[in-house]
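Trainee: Compute the structure for the input listed below.
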Amino acid sequence: MSVSRPGPFLPSGARGRGRAPAVILDDVKGAQKMLTGVARVTAMEGSRHLSQLVGAPVHLKCENLQRTGSFKLRGAYVRIAGLSPEERAAGVVAASAGNHAQGVALASSLLGVRSTVFMPVGAPLPKVAATREYGADVRMVGHVVDDTLAAAQRYARETGAVFIHPFDHPDIIAGQGTVGLEILEQCPEVRTIVVGVGGGGLIAGIAVAVKALRPDVRVIGVQAEGAAAYPPSLVAGRPVAVDNPTTMADGIKVGRPGDAPFGIVAELVDEVRTVSEDALSSALLLCLERAKLVVEPAGASPVAALLSEPSAFSGGPVVAVLSGGNVDPLVLQRTLRHGMAAAGRYLSLRLRLADRPGALAGLLGALSVVDANVLDVSHVRTDPRLGLTEVEVELHLETKGPEHCEEVATALREAGYRVMPQQ
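Mentor: Numbering: from 1, shown residues only. As a prediction, this is how the structure comes out:
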């Protein structure tokens with residue numbers, strides 16, 4: 001699914017004329033100067049596999065290698081650096097389950113500002129530990145981010161601390177837009193930039209910078225199907241909330257676009273596409289296996305879009321922004337398993353066997369002939385649907401791809417085994 005921009009974008013400097021963007025090119029250039037020596041100019045890596053798939057050069061902008069593991073430091077530093085001395089003295093507060101928390105914590109430490117970060121109970125332990133190590137006072141409140149956000153805003157009202165929003169502020173957008181300036185410097189021939197979208201701060205900033213300098217470059221956003229608030233919002237012409245956003249890509253699991261980024265996205269971004277969970281996990285697996293890069297599911301969303309419809313990105317060099325690499329090891333394990341299944345590298349089968357000695361050994365022997373590696377076997381003898389002398393076996397196999405999966409299933413049927421449909 002994709003939604004195109006409803007109308008022409010406004011040129012840089014159009015602030016004050018109609019639906020002008022909240023941020024202009026000069027803001028992004030100012031943020032770039034402010035971030036010199038603070039944020040890394042992250043690497044741009046080519047991908048031969050994706051280039052062959054798309055039919056055009058594909059480059060990966062590695063914000064997963066940024067300090068704190070994501071682009072969030074850029075906006076957080078610009079926002080906090082812009083506070084008055086009185087505001088800095090009051091400290092800052094944020095709410096986040098991960099990347100924004102770490103960005104605010106490090107930015108505050110670098111600027112000598114006291115920070116308090118509210119994180120949900122159950123947030124990944126590595127992210128909690130990293131946020132503390134960067135110097136924040138971490139408080140665990142709520143089981144969902146909405147509860148954590150409410151607690152942070154209440155703390156701001158009670159203490160006078162400045163609330164640092166993850167995406168809905170012009171300074172945040174300007175800071176994130178420095179990624180766009182780097183892309184134009186590193187890949188001047190770029191024709192398409194693909195960016196994961198949650199609240200919209202990153203793509204809004206990139207679009208401001210890129211469209212002002214290179215209006216011919218397409219800027220395309222990507223959201224997870226289960227957390228895609230931008231498509232209905234663009235159709236409605238205003239931010240629209242989606243109920244219960246669900247996706248493995250927690251970095252872009254945002255239920256409602258930010259007001260400030262939405263106006264920019266509506267004016268400047270060419271298209272917003274959606275991708276499935278299978279595509280996200282396949283993209284993460286590809287980044288790890290082919291590019292040797294650890295990327296979180298949200299950061300892999302642009303790659304998922306390329307995998308889902310390669311022909312939509314032909315016609316010139318493409319830059320996919322890998323926005324972050326902070327993935328919990330347990331989540332990584334589950335996502336990789338899901339990605340391998342989506343790529344046909346796992347196969348689950350249910351079979352009916354005669355309940356007699358040697359039957360399972362014969363089955364395993366048949367699988368060895370077609371070179372399928374057995375990961376797990378389970379026996380069921382008590383299901384009322386089974387005959388008196390039958391047993392059901394569920395197998396989880398490691399395979400070499402979709403063709404090998406079909407070869408395994410065909411070989412078992414030809415050997416006389418009854419392969420049951422998965423429930």
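
Trainee: Disregarding flanking residues, what is the spatial nearest neighbour of residue 369?
Mentor: Distance criterion Cβ to Cβ, 6 or more residues apart in numbering; nearest residue to residue 369, sequence neighbours excluded, is residue 411 at 7.0 Å. No exception for glycine: its C-beta is placed from N, CA and C like everyone else's.

Trainee: Now do the same for the one you found: helix, strand or coil?
Mentor: Under the three-state scheme (DSSP: H, G, I helix; E, B strand; the rest coil), residue 411 adopts helix.

Trainee: give the contact list for it.
Mentor: Listed by Cβ atoms under 8 Å, 6 or more residues apart in numbering, the contact partners of residue 411 are 366, 369-370.

Trainee: low-scoring stretches of this structure, by residue?
Mentor: For the chain, applying pLDDT under 70 flags the ranges 1-21, 381-389, 421-423.

Trainee: Spatially central residue in it, please.
Mentor: residue 298 (0.5 Å; Cα atoms, centre = their mean).

Trainee: so that residue sits in a strand?
Mentor: No - under three-state DSSP, residue 298 falls outside any strand and is assigned coil.

Trainee: Report the separation between it and residue 160.
Mentor: Shown here: residue 298 relative to residue 160, a distance of 32 Å by Cβ to Cβ, to the nearest Å.

Trainee: now residue 376
Mentor: 56 Å.

Trainee: Name the next helix or strand downstream of the lengthiest helix in the chain, please.
Mentor: Assignment by DSSP state H gives helix 170-186 as the longest helix of the chain. Following helix 170-186 in sequence order, the next helix or strand is strand 192-196 (DSSP states H and E).

Trainee: could you check the angle helix 170-186 makes with that following strand?
Mentor: 140 degrees (axes from the mean of the first three to the mean of the last three Cα atoms, to 10 degrees).

Trainee: Tell me the strands beside strand 192-196, with direction?
Mentor: strand 218-224 (parallel), strand 318-322 (parallel) (DSSP bridges).

Trainee: now these as TSV including distance to residue 290 and mean neighbour count?
Mentor: As requested, the strands paired with strand 192-196 are arranged in TSV below (distance: least, Cβ to Cβ, whole Å; neighbours: other Cβ atoms under 10 Å):
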stretch	distance to residue 290	mean neighbour count
strand 218-224	19	28
strand 318-322	13	29
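
Trainee: got those strands as JSON lines, with distance to residue 35 columns?
Mentor: Shown next, in JSON lines, are the strands paired with strand 192-196 (distance: least, Cβ to Cβ, whole Å):
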{"stretch": "strand 218-224", "distance to residue 35": "21"}
{"stretch": "strand 318-322", "distance to residue 35": "17"}
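
Trainee: mind checking the SS state of residue 76?
Mentor: helix.

Trainee: Around it, count how many other residues there are.
Mentor: Applying other Cβ atoms under 10 Å, we find 33 other residues in the vicinity of residue 76.

Trainee: residues touching it, list them.
Mentor: So residue 76 contacts 94, 100, 103-104, 106-107, 164, 172, 175 (Cβ under 8 Å, 6+ apart).

Trainee: Sort out for me which of those are in strands.
Mentor: residue 94 (DSSP state E).

Trainee: Pick the one among the contacts of residue 76 closest to residue 249.
Mentor: Among these, residue 100 lies closest to residue 249 (Cβ to Cβ), at 14.8 Å.

Trainee: tell me the SS of the residue lying closest to that closest one once chain neighbours are set aside?
Mentor: Of all residues not flanking residue 100 in the chain, residue 166 sits nearest, at 4.1 Å (Cβ to Cβ, 6+ apart). At residue 166 the chain is in coil, as set by three-state DSSP.

Trainee: what's the answer for residue 344, then?
Mentor: coil.

Trainee: Would you mind measuring from it to residue 285?
Mentor: 12 Å.

Trainee: So between the two, which is more surrounded?
Mentor: Remark: of residue 344 and residue 285, residue 285 carries more neighbours, 21 against 15, as counted by other Cβ under 10 Å.

Trainee: List of residues touching the strand or helix carrying that one?
Mentor: Element membership of residue 285, judged by DSSP H and E, is helix 277-289. By Cβ under 8 Å, 6+ apart, the residues outside helix 277-289 that reach it are 49-50, 60, 224-226, 247-249, 275, 293-297, 300-301, 303-308, 322, 327, 332, 335-336, 338-340, 342-343.

Trainee: Go again with 6 Å.
Mentor: With contacts defined as Cβ atoms under 6 Å, 6 or more residues apart in numbering, helix 277-289 is touched by 248-249, 293, 295, 297, 300, 303-304, 307-308, 335-336, 338-339, 342-343.

Trainee: For PyMOL, write the select line for the buried members of these.
Mentor: Paste this into PyMOL to select the buried members of these, with burial taken from 16 or more other Cβ atoms under 10 Å:
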select buried, resi 248+249+293+295+297+300+303+304+307+308+335+336+338+339+342+343
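
Trainee: Would you map the helices across the stretch 301-423 of the chain?
Mentor: 301-308, 329-342, 359-369, 402-414 (DSSP state H, counting those that start in this stretch).

Trainee: Buried ones in the third one, by neighbour count?
Mentor: Within helix 359-369, the residues scored as buried using 16+ other Cβ under 10 Å are 363, 366-367.
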